[in-house]
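>>> The following block contains a protein sequence and its predicted model.
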Amino acid sequence: MNRLHGFVTGVHSADGIHLLQVSVGEHHCTALALGEQAPANVGQRVQLGFREMDVALARHLSGDISIRNILPCEVTAVQLGTLMARISLRCGQLAFTALITRQSALRLKLETGSQVSALIKSHAMLLLEEVQT
């Protein structure tokens, strides 16, 4: 599981649904949580988690898109398997991986140094345990 450390900059709640704005380095992410009360407060340090398979990759992304977590990344490694490809990514000081099909990696012509956008839907961003300071 990928993990990003950050702090909550905003919480918007309605009907048991909570959208948390989280500052992660120089980037901002959105996580969705369910429950009667928001799981974190503004200013709280948190850890976001998301599966490698929940990361989609795009090259030359343009236009509007509903996905709120769009991180500009550089590919640092490509491991091609028979069916799947593990793509290592760096977004500023952040590092994480994506698991996509081999055919998609080949179609996108991914190689070390490629510039991509990593796309993660808000519901795939899990709020993990609080980061101890």
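All right, it came through fine. Numbering: from 1, shown residues only.

>>> List the neighbouring strands of the strand or helix carrying residue 70 plus their orientation.
Here residue 70, judged by DSSP states H and E, is contained in strand 69-80. Here strand 69-80 has these sheet partners by DSSP bridges: strand 84-91 (antiparallel), strand 115-120 (antiparallel).

>>> List the buried residues for that strand?
69, 71, 73, 75, 78 (16 or more other CB atoms under 10 Å). C-beta here means a position set from N, CA and C on the backbone, and glycine is covered the same way.

>>> what sits up against it?
With contacts defined as CB atoms under 8 Å, 6 or more residues apart in numbering, strand 69-80 is touched by 27, 29-30, 61, 85-91, 94-95, 102, 105-106, 110-122, 125.

>>> Any of those residues buried? List them.
27, 29-30, 85, 87-89, 91, 94, 105, 110, 114, 116-122, 125.

>>> beta partners for the residue nearest the centre of the chain?
When CA atoms, centre = their mean is applied to the chain, the residue found nearest the centroid is residue 120 (4.6 Å). Beta-bridge pairing for residue 120 (DSSP bridges): residue 69.

>>> if we can go back for a sec, may I have the strand holding residue 70 as PDB, with CA atoms only?
What follows is strand 69-80, C-alpha atoms only, in PDB (Å, rounded to 0.1, in the frame of the first residue of the first chain):
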ATOM      1  CA  ASN A  69      -6.200  13.800  -6.900                       C
ATOM      2  CA  ILE A  70      -4.000  14.500  -9.900                       C
ATOM      3  CA  LEU A  71      -0.300  14.400  -9.100                       C
ATOM      4  CA  PRO A  72       2.400  15.400 -11.600                       C
ATOM      5  CA  CYS A  73       5.000  12.600 -11.500                       C
ATOM      6  CA  GLU A  74       8.200  11.400 -13.100                       C
ATOM      7  CA  VAL A  75       8.600   7.700 -13.700                       C
ATOM      8  CA  THR A  76      11.600   6.400 -11.800                       C
ATOM      9  CA  ALA A  77      11.400   2.700 -12.800                       C
ATOM     10  CA  VAL A  78       9.300   0.400 -14.900                       C
ATOM     11  CA  GLN A  79       9.100  -3.300 -14.100                       C
ATOM     12  CA  LEU A  80       7.200  -5.200 -16.900                       C
END
